[in-house]
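Chemist: Turn this into a model:
(one chain, ligands or ions: 2)
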Amino acid sequence: MYRDIPLEEAVAILMKYTKPIGFDEIDIIDALGRVLNENIITSFSLPPFNRSPLDGYAVIAEDTISASKEQPILLRVNQNIFAGDLPLRPIVSGEAAAIATGAPIPPGANAVIKIEDTQLVEDNVLLFSQLKPGDNFINQGDDVPAGEQILSKGMLITPAVIGLLASLGRKTVKVFKRPKVAALSIGDELVGIDEPRAPGKIYNSNLYAISAQITEAGGVPVPYRNTVDDKNQIAFLLDSCLQENDMVITTGGVSVGKRDYVKESITLSGANTLFWKVNIKPGTPVVCGEKNGRLIVGLSGNPAAAMITFYMLIRPVLQKISGLQQVNLPHVTAIMEEPFTKKSKQRRMMRANVYWKNGYYHAVPSGTQSPGALKSMLQCNALIDIPGGKGPLNIGEEVKVILLSPNYIL
Ligand SMILES: Nc1nc2c(c(=O)[nH]1)N[C@H]1C(S)=C(S)[C@@H](COP(=O)(O)OP(=O)(O)OC[C@H]3O[C@@H](n4cnc5c(N)ncnc54)[C@H](O)[C@@H]3O)O[C@H]1N2
Ligand code: MOO
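Modeler: Residues are numbered from 1 along each chain as shown. Ligands and ions are numbered 1, 2, ... in the order given. Next comes the predicted model:
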């Protein structure tokens, strides 16, 4: 068992247990946020035909030379092409086709003049400006040529991915299966949110915050009822949770107190302990075990500490199991907007709100940094990564921040 290891080492150990667990084929309408389990090669071009980007007339550009407001050129209109139609005939010199935005450009035409630069006179059209070949002409395959690998296995499915799949006529798509992750809170002081809260007791909030984080990271949370500090009962639950799920995450009972049993219970459940204590604050006493290739991660009971270690340690692992190729959180440099007076003995992940202003990221600590202070997570969209041994931080100082989600930066 490793002890007091750097965060990156702990992530690397967990990453060894990130085997994807198969795929589902689902309707594309349900695929947002899932991860592609297939490469998508375009079977036809997008757009599938040469098309007009505006309402006007398809012409031969060479027929329009020297056309102007004063000296318009007259062409015979040989057809009307609406979106969804096929051209009835080609264009030859002296002819134009009235065409709608999105309609196929007829063979022979090499430019489109917009309707505002023309005037229809019975079956003829006057052109008031001259065109070059290719003007207002969208080529077949301009967006994506046939045969291109446009999407690859391991990509996150975004609205744009769904749009592209639909443009290719795909109704369903193969996605990685989402790992089932058991969430279990441990502590004599806990009561469920559906129970009366006696004095000295607190509601089990970790179960819900961690379950939501599991969903956010691409997993399926399986919440279990909280359990008391009893080593045999915890060991029994760890084992049964592990049999029913791909991974188990617990909170509470990982420190050095008389009733902190999770370490011992991991051993009692027959799992190997991989490490205990990671060199970050908050969340230091995280413990990790493995049985039959499945992980048990015991997080601190302190609500903010548990959430932060989840982001730093578990999220990349779950994302990898969910098939995602790109799992690293972006790091940027930000300017401190408030001082932080404490020295950081250990590497500290400080909760902060980061925003973009006048060409720089700015960071403001998002509240009290006590490991149990959940309110500080409300405005927290980033963590300031303060190296161990660093002294207080001053206003204006540059710091490294880890963005928890670029989407949260407003
Ligand atoms: N003598 C020492 N004491 C502590 C040390 C140490 O090194 N020496 N480490 C501290 C650090 S750091 C942390 S972090 C905590 C971790 O403690 P545990 O994981 O054993 O957590 P608990 O004691 O069970 O709970 C801590 C705190 O969080 C509350 N809690 C627990 N579960 C939940 C839940 N499901 N929902 C909401 N809140 C919860 C609990 O009531 C406690 O207040 O240990 C330090 N101690
Ligand atoms: O490592 Mo613990 O969560 O800070 O106090």
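Chemist: What is the burial count for residue 123?
Modeler: Using other Cβ atoms under 10 Å, residue 123 is surrounded by 8 other residues. (Each C-beta comes from the backbone N, C-alpha and C, glycine too.)
Chemist: er, residue 121 actually
Modeler: Residue 121 has 11 nearby residues by other Cβ under 10 Å.
Chemist: again, but for residue 371
Modeler: Residue 371 has 19 neighbours, counted by other Cβ under 10 Å.
Chemist: Now do the buried residues in the helix or strand harbouring residue 356.
Modeler: Counting by DSSP states H and E, the element that carries residue 356 is strand 348-357. Along strand 348-357, the positions that meet the burial threshold by neighbour count (16 or more other Cβ atoms under 10 Å) are 348, 349, 350, 351, 352, 353, 354, 355.
Chemist: Looking at these, spot the one nearest residue 23.
Modeler: The nearest member of the buried residues of strand 348-357 to residue 23, counting by Cβ to Cβ, is residue 349 at 34.2 Å.
Chemist: correct me, but the closest one touches residue 308?
Modeler: Yes - with contacts defined as Cβ atoms under 8 Å, residue 349 counts as touching residue 308 at a distance of 5.4 Å.
Chemist: Touching both of those two, which residues are there?
Modeler: Taking Cβ atoms under 8 Å, 6 or more residues apart in numbering as the contact rule, residue 349 and residue 308 both touch 280, 282, 283, 383.
Chemist: Next up, the contacts around the last one.
Modeler: Residue 383 sits next to 308, 311, 312, 349, 350, 351, 352, 401, 402, 404 when contact means Cβ under 8 Å, 6+ apart.
Chemist: Any regions of this structure where pLDDT drops low?
Modeler: Low-confidence segments of the chain, defined by pLDDT under 70, are located at 406-410.
Chemist: Please, where are all the helices along it?
Modeler: Using DSSP state H, the helices assigned to the chain run over residues 7-15, 159-167, 206-216, 231-244, 262-268, 303-309, 315-321.
Chemist: Indicate whether the longest one makes contact with ligand 1.
Modeler: Looking back up the chat, that one is helix 231-244. No - contact of helix 231-244 with ligand 1 is not found when judged by Cβ under 6 Å from any ligand atom; the minimum separation is 11.5 Å.
Chemist: Which elements pack onto that helix?
Modeler: Applying 3 or more Cβ pairs under 8 Å, 6 or more residues apart in numbering; DSSP states H and E, we find helix 231-244 packed against strand 180-185, strand 247-251, helix 262-268, strand 287-291, strand 294-299.
Chemist: Can you say which of these is nearest to ligand 1?
Modeler: Nearest of the helices and strands packed on helix 231-244 to ligand 1, taken as Cβ to the nearest ligand atom: strand 180-185 at 3.5 Å.
Chemist: Name the residues that touch the closest one?
Modeler: 204, 206-207, 210-211, 214, 219-224, 226-227, 237-238, 241-242, 244-252, 301, 318.
Chemist: Mark which of these are buried, thanks.
Modeler: The neighbour-count test (16+ other Cβ under 10 Å) marks 204, 206-207, 210-211, 214, 219, 221-224, 226-227, 237-238, 241-242, 245-252, 301, 318 as buried among the contacts of strand 180-185.
Chemist: just to revisit the earlier point, out of the contacts of residue 383, which comes closest to ligand 2?
Modeler: Lowest distance from ligand 2 to these (Cβ to the nearest ligand atom) belongs to residue 308, with 8.0 Å.
Chemist: and that closest one, how many neighbours?
Modeler: 25.
Chemist: Good, wrapping up.
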